[in-house]
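Chemist: For reference, the sequence and a predicted model appear below.
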Amino acid sequence: QVQLAESGGGLVQAGGSLRLSCVFSGRTFNSYAMGWFRQAPGKEREFVAVISSSGGNTYYADSVKGRFTISRENAKNTVHLQMNSLRPEDTAVYYCAADANRGFPLRLGEKNYDYWGRGTQVTVSS
């Protein structure tokens with residue numbers, strides 16, 4: 001059974017940075033593309049970023065492009081989301097998710113993802 005555990009959320013001022021991590025267990029990590037999604041209060045969950053199983057391909061939502069970076073360490077079964085220049089509108093619960101498609105192609109729809117973490121809260125104050 002795959003399990004995903006996010007960490008690294010917290011409270012930060014606008015313009016600050018946070019690094020989220022997600023540890024994967026239960027299957028072969030490098031067989032999965034990994035995505036980050038977020039859900040703000042009163043809004044639907046939305047795509048943030050995705051990385052292929054090898055780490056060679058990434059894709060970002062327009063709202064975070066140039067500010068966020070997704071990366072993975074396959075030897076540590078971990079995916080990261082480095083978030084810089086944070087804005088109050090980035091406030092949300094952030095979820096990592098695993099897609100057995102490996103990322104060929106990279107997929108943005110949450111229905112494509114097989115496993116989900118429980119989320120970590122990110123709050124950006126103005």
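Modeler: Received it, and whenever you're ready, just let me know what you need.

Chemist: When you work out contacts or count neighbours from here on, use the C-alpha atoms and nothing else.
Modeler: Fine.

Chemist: Name all residues that make contact with residue 41.
Modeler: residue 92 (C-alpha atoms under 8 Å, 6 or more residues apart in numbering).

Chemist: Which phi and psi values does the spatially most central residue of the chain adopt?
Modeler: Centroid-nearest residue in the chain, with C-alpha atoms, centre = their mean: residue 36, separated by 2.2 Å. With angles defined as degrees, to the nearest 10, residue 36 sits at phi -120, psi 140.

Chemist: In space, what's closest to it - neighbours in sequence excluded?
Modeler: Leaving aside its sequence neighbours, residue 36 sits nearest to residue 96 (C-alpha to C-alpha, 6 or more residues apart in numbering; 4.5 Å).

Chemist: element containing that neighbour?
Modeler: In this assignment (DSSP states H and E), residue 96 forms part of strand 92-99.

Chemist: Can I get that strand as CSV, trimmed to CA atoms?
Modeler: Written as CSV, here are the backbone C-alpha positions of strand 92-99 (Å, rounded to 0.1, in the frame of the first residue of the first chain):
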residue,chain,number,x,y,z
ALA,A,92,-3.7,26.6,1.0
VAL,A,93,-3.4,23.0,2.1
TYR,A,94,-0.7,21.4,-0.2
TYR,A,95,-1.0,17.8,-1.2
CYS,A,96,1.4,15.5,-2.9
ALA,A,97,0.1,12.8,-5.2
ALA,A,98,1.5,9.8,-7.2
ASP,A,99,0.7,9.0,-10.8
